[in-house]
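Trainee: Below are the sequence and a predicted model for it; my questions follow.
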Amino acid sequence: MTAARQQRKSRLALAASVGLVLAACIGQQAVAQAALDDRTVVNARTGLGLSGFDPVAYFTDNKPKIGLPEMEFSQGGVVWRFANEGNRAAFAENPEVYAPRFGGYDPVAIARGTSVPGHPLFWTVAGGRLYLFYNDAARQAFIADPGRYIETAERKWPEVARGIGR
C-alpha cells in the first residue's frame, strides 16, 4: 500500500471515529431531552427551572426547598438547582422522575386545554410525579380527583404543548 493511500485510509478511519462519537453524543443529548417534557417552565430572568427550588426535595423532604447556586445541573436548556450533591446526582440519573410533569404547567389548566405555568409553592406528588399548580384552588381541585385530571391532562398535553411559546 502506498504512503498516500495509507494517509487517506487513516483520515477516513479518523473521520468515521469522530462521526461515531458525535452521533453518540447527539443521541445521548436527544434521549436526555426527550426524558423531560418538550416545554418546561423556566424563570425568564434567571433561566432556572422551578425558580431555583430543588425538584428532588419535594420527594425526599416532602416540601419545597431552595437549591444552591453551587449545586446546579443543566439539561435541555434548563438550569436546575439542588440543596445537596445527593439530590443533584439523583436528578441527573433520573430527570424524568423528579422534573415536574407537564414541564411545570398546571395540570388542571392543561385538562381545560390551556397552558398556565405552575408555581413551586403550590404542588403535590401523585403517582410518583411532581405536579405544580397556578394557585391553591387548582391544587385542591386536583387533589380531590387526581386520576381524572391526570388522565385528561395526559390526553390534552400534546396539543397544549404545541401552542406554548407561539
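Mentor: Happy to help now that I have it.
Trainee: Distance from stretch 87-100 to the middle of the chain?
Mentor: The chain centre lies 9 Å from the centre of stretch 87-100; the measure is Cα atoms, centre = their mean, to the nearest Å.
Trainee: Report the buried residues of the strand or helix carrying Gln140.
Mentor: Taking DSSP states H and E as the criterion, Gln140 maps to helix 136-144. With burial defined by 16 or more other Cβ atoms under 10 Å, the residues of helix 136-144 counted as buried are 138-139, 141-142. Glycine gets a C-beta too; all of them are placed from N, C-alpha and C.
Trainee: Report the spatially closest residue to Ile143, excluding sequence-adjacent ones.
Mentor: Thr124 (6.1 Å; Cβ to Cβ, 6 or more residues apart in numbering).
Trainee: Assumed that neighbour was part of a strand.
Mentor: Yes. Per DSSP: H, G, I helix; E, B strand; the rest coil, Thr124 lies within a strand segment.
Trainee: rewinding a little: and which of the buried residues of helix 136-144 is nearest Arg101?
Mentor: Among those, Phe142 lies closest to Arg101 (Cβ to Cβ), at 11.3 Å.
Trainee: can you pull the contacts of the closest one?
Mentor: Listed by Cβ atoms under 8 Å, 6 or more residues apart in numbering, the contact set of Phe142 reads 107-108, 124, 126, 131, 133, 149.
Trainee: Now list the buried members of the residues you listed.
Mentor: 107-108, 124, 131, 133, 149.
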